[in-house]
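Asks: I would like to see how this sequence folds:
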Amino acid sequence: MGIQLEIDGQPVTVEPGTTLLEAAKQAGITVPTICWHEATTSYALCRICVVEVAGMRLLQPGCIVEAADGMRVQTRSERVVRARKTILEMLASSVDLSDSPDILALMDEYGALPERFPEAERREVELMDDNPMYLRDYSKCVLCWRCVQVCAEDAQYTFALSFSGRGYETEIATFFDRPMPATTCVFCGQCVGVCPTGALKPKREFMLEQGMGPEEIAVMSSGRKRKRT
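Replies: Take a look at the predicted model:
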């Protein structure tokens, strides 16, 4: 016997252990996500997937909350839409989202206004060019954890990436801030593949975007930190 619940007025039956995000997807209902990825473990970090469950005081992150019998779920209530819009506005006020087409599309969908938080401190981090394979531009990082997770138990088991700092100072880093070639990184590219914002980008892609010539490409290939231009 499956779990029976209601999502946006639609009766849905799912298997035990199914999250609300998965249940909505089975019902053909789209719930937006940022930190969720099918290849990584969900930790409900970005909260863009929140839904409203009748009888629960707080909005629930759909990526980790499991469906239960009798639940009545709303995925686009006024409260949910307001929460998602605020999250998007806060992200846009503090992080460079210019390479995040999916998030920019969500901002348009929810009418999010980046200028709503003009006093927010914008994340400005030096562009990391310390290896011949990819760049790390943490000014574009939304701390979704995808790269850390896929580098660890979720896939590669190399543990080259971790966290540094606390609170607003939190950022993705290597142990002791070592250059990537001096870590356990095997340059598999999985971290680049799961990054949703362009914070990790293949060097060749970056060079093509910048229209670089042979001499500049040679400098890029040498592998060192570059100052942002």
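Asks: in the top helix by length along the chain, what counts as buried?
Replies: Criterion DSSP state H: the longest helix present in the chain is helix 78-94. Of all the residues in helix 78-94, those buried under the rule 16 or more other C-beta atoms under 10 Å are 80, 83-85, 87-89, 91-94. Where C-beta positions appear, they are placed from N, C-alpha and C, glycine not excepted.
Asks: With stretch 35-47 instead?
Replies: For stretch 35-47, by 16+ other C-beta under 10 Å, it's 35-37, 40, 42, 44-47.
Asks: And it, how far out from the chain middle?
Replies: In terms of C-alpha atoms, centre = their mean, to the nearest Å, the centre of stretch 35-47 is found 8 Å from the chain centre.
Asks: got it, and stretch 167-182?
Replies: Relative to its chain's centre, stretch 167-182 lies at 18 Å (C-alpha atoms, centre = their mean).
Asks: Buried ones in the host helix or strand of Leu208, by neighbour count?
Replies: Using DSSP states H and E, the element containing Leu208 is helix 203-210. By 16+ other C-beta under 10 Å, the buried positions in helix 203-210 come out as 203, 206-207.
Asks: so what secondary structure elements neighbour it?
Replies: Contacts defined by 3 or more C-beta pairs under 8 Å, 6 or more residues apart in numbering; DSSP states H and E place helix 203-210 against strand 134-136, helix 214-221.
Asks: Ranked by average pLDDT, which of the ones you listed falls at the bottom?
Replies: Note on the helices and strands packed on helix 203-210: lowest mean pLDDT is at helix 214-221, with a mean of 60.
Asks: ok, and for stretch 106-126, which residues are buried?
Replies: Result for stretch 106-126 [16+ other C-beta under 10 Å]: buried residues 106-107, 110, 112, 114, 120, 123, 125.
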